[in-house]
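Visitor: A structural model of the following input is requested.
(one chain, ligands or ions: 1)
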Amino acid sequence: MTTQADFIQHDAEPTSSITAVPHHIGIIMDGNGRWAQARGMPRIAGHQAGVDNIRRILEHCVQRGVKVLTIYAFSTENWRRPPDEVSGLMRLLGLTIQRQLNELNRNGVRILHSGRMEGINKHLQKQILNALEVTKDNDRIILNVAFNYGGRAEILDAVRHIMQDGIPPETLTEEMLSSYMYIGGIPDPDLIIRTGGGWRLSNFLIWQAAYAEYYTTPTYWPDFDENELDKALIEYNQRERRFGRVLNQ
Ligand code: FPP
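Guide: Numbers count the residues shown, from 1 in each chain. Model prediction:
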């Protein structure tokens with residue numbers, strides 16, 4: 001994400017096999033470390049390449065009509081990584097906000113954050129809050145950055161807030177619980193993509209992904225390009241979403 005060019009300089013190839021476009025896509029961006037290691041580079045170089053790729057995929061999501069993209073950038077479990085990798089990921093988020101915020105804002109991107117602020121250093125917290133504030137009126141696409149995020153922590157935080165608000169247990173509904181999640185009010189993801197070959201949810205959007213379609217590919221995140229996203233969208237179009245119902249009766 002280093003260029004200053006604006007989004008949408010060309011039309012995406014029309015693809016007749018993509019008629020249903022997911023409103024909300026969540027991506028588990030796995031494989032950065034292996035991508036770097038395969039090139040004899042340090043793992044953090046893979047994360048940098050991963051950041052560069054976010055811009056490419058965000059732009060393609062805009063072209064395809066996706067309205068919300070949630071990216072898993074740092075999990076509550078990632079604190080267990082070597083300290084230099086953790087600090088490298090923190091630094092990358094700060095640098096990315098510093099370098100890209102104006103361009104994202106100019107292109108109508110609204111930034112949201114899912115995750116806990118506690119644990120993130122004060123300066124980075126301010127940068128995150130500033131990015132949310134600066135872009136709050138944008139509506140072309142939402143880029144929701146899951147950073148210091150864990151699905152179980154999110155449910156726990158929601159339950160704590162519900163108890164603090166004194167909500168009577170018998171009045172609590174699924175919709176209310178959803179509204180207490182970090183980005184309450186945003187529709188649940190329709191499609192969850194995992195790169196890097198794994199078949200796990202890894203504590204990502206575990207409440208919201210109850211009825212999402214899943215797609216996994218061995219491609220490492222930095223290599224997951226527009227064509228790869230289209231493959232996921234084509235596969236999504238072949239799925240029959242039943243939400244627990246029996247169709248065609
Ligand atoms: C997993 O790759 C990916 C992550 C830990 C997070 C993804 C992070 C980025 C794309 C960069 C940070 C994003 C922002 C917005 C600052 P891995 O290291 O587990 O790869 P491996 O499985 O090959 O080791």
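
Visitor: read off the pLDDT value for residue 9.
Guide: Turning to residue 9, the model gives it a pLDDT of 52.

Visitor: okay, buried residues for stretch 126-138 please.
Guide: For stretch 126-138, the neighbour count (16 or more other Cβ atoms under 10 Å) marks 127-128, 131, 134-135, 138 as buried. In this view, the C-beta of every residue, glycine as well, is placed from N, C-alpha and C.

Visitor: and the helices in the chain, which stretches?
Guide: For the chain, the helices defined by DSSP state H cover 32-37, 43-64, 83-106, 122-134, 151-164, 174-179, 226-238.

Visitor: TSV for the ones you listed, including distance to residue 188 and mean pLDDT?
Guide: As requested, these are exported to TSV (distance: least, Cβ to Cβ, whole Å; pLDDT from 0 to 100):
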stretch	distance to residue 188	mean pLDDT
helix 32-37	26	98
helix 43-64	17	97
helix 83-106	24	97
helix 122-134	21	98
helix 151-164	13	98
helix 174-179	8	97
helix 226-238	15	96
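
Visitor: including distance to residue 112, could the ones you listed go into a markdown table?
Guide: Shown next, in a markdown table, are the helices of the chain (distance: least, Cβ to Cβ, whole Å):
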| stretch | distance to residue 112 |
| --- | --- |
| helix 32-37 | 22 |
| helix 43-64 | 13 |
| helix 83-106 | 12 |
| helix 122-134 | 7 |
| helix 151-164 | 13 |
| helix 174-179 | 15 |
| helix 226-238 | 20 |
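
Visitor: which of those sits closest to residue 114?
Guide: helix 151-164 (7.0 Å; Cβ to Cβ).

Visitor: got the buried residues for the closest one?
Guide: Buried residues in helix 151-164, counted by 16+ other Cβ under 10 Å: 151, 153-154, 157-158, 162.
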